[in-house]
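**Student:** Sharing a model prediction with you, sequence too.
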Amino acid sequence: MMPTHYRGAPEEKLALDTWIKLSRAADSFGARLAQHGALADLTVSQFGVLESLYHLGPMRQSEIGAKLLRSGSNITLVVDNLERDGLVRRARDRDDRRVMNVSLTDAGRELIEGIFPAHVEAIVEEMAVLSPEEQAELGRLCKKLGKPGS
C-alpha cells in the first residue's frame with residue numbers, strides 16, 4: 001500500500017495516510033465480499049435497502065437514505081428498481097400524503113431471508129483476519145471517527 005506523497009506538516013501527512021488506508025481497506029473488503037456472491041444480483045445499495053427494511057420494518061424513503069448515507073435521488077432510483085422487480089412496494093403515508101413509505105413484498109422478504117445468512121458468513125470469514133479484540137477496537141474507532149465533531 002502506497003502512502004501519501006503529500007509534503008505537508010506531519011499531522012497532515014498522517015491524516016492523509018490514514019485516510020488512504022481506511023479507504024483502500026473499505027474498498028478491498030467490499031470487493032472481497034462481492035466475490036463471495038452473497039448479494040445475488042443486487043447492487044450494494046439494493047441489498048442495503050432490503051436489509052434495512054427486513055430488520056427495521058417499513059420506512060420512509062428519506063429514512064432509508066439517511067440510514068444508508070445515500071442521497072434522496074439515489075434512494076429513489078434504487079427503490080424504483082426494487083419496486084420494478086417486485087421486491088418492495090411504496091405506499092403514501094396515511095397521515096402525510098407527501099410521505100412515501102417503503103416496505104418489503106413477500107418476494108423481497110423471501111430474497112433477503114435467503115441471501116442474508118451467506119452475507120453474514122462472508123463478513124465473518126473476511127473479518128477473521130482480525131482477532132475478536134481487534135474487531136471490537138476497529139468498531140470502536142470507526143464509531144468514534146463517524147461521529148460528527150469527534
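**Tutor:** Arrived safely, thanks for sending.
**Student:** need the contact list for residue 44.
**Tutor:** Neighbouring residues of residue 44 by C-beta atoms under 8 Å, 6 or more residues apart in numbering: 30, 34. No exception for glycine: its C-beta is placed from N, CA and C like everyone else's.
**Student:** and what of residue 56?
**Tutor:** So residue 56 contacts residue 67 (C-beta under 8 Å, 6+ apart).
**Student:** Then residue 30?
**Tutor:** When contacts are counted by C-beta under 8 Å, 6+ apart, residue 30 touches residue 44.
**Student:** Just the element for it, please.
**Tutor:** Assigned by DSSP states H and E, residue 30 falls within helix 10-36.
**Student:** how far does that helix sit from the chain's center?
**Tutor:** Its chain's C-alpha centre lies 16 Å from the corresponding centre of helix 10-36 when counted by C-alpha atoms, centre = their mean, to the nearest Å.
**Student:** List the buried residues in it.
**Tutor:** Judged by neighbour count using 16 or more other C-beta atoms under 10 Å, the buried positions of helix 10-36 are residue 33.
**Student:** Let me see the ranges of the strands in this structure.
**Tutor:** Remark: strands assigned in the chain by DSSP state E are 59-60, 88-92, 100-104.
**Student:** Deepest-packed of those, please.
**Tutor:** Comparing those by mean neighbour count (mean count of other C-beta atoms under 10 Å), strand 100-104 ranks first with a mean of 18.
**Student:** what comes into contact with that strand?
**Tutor:** Contacts for strand 100-104 (C-beta under 8 Å, 6+ apart): 49-50, 53-54, 57-61, 64, 79, 87-93, 112.
**Student:** hmm, 10 Å instead?
**Tutor:** 49-50, 52-54, 57-64, 75-76, 78-79, 82-83, 87-94, 108-113 (C-beta atoms under 10 Å, 6 or more residues apart in numbering).
**Student:** which among those residues end up buried?
**Tutor:** By 16+ other C-beta under 10 Å, the contacts of strand 100-104 give 49-50, 52-53, 58-59, 61, 63-64, 75, 78-79, 82, 87-88, 108-109, 111-112 as buried.
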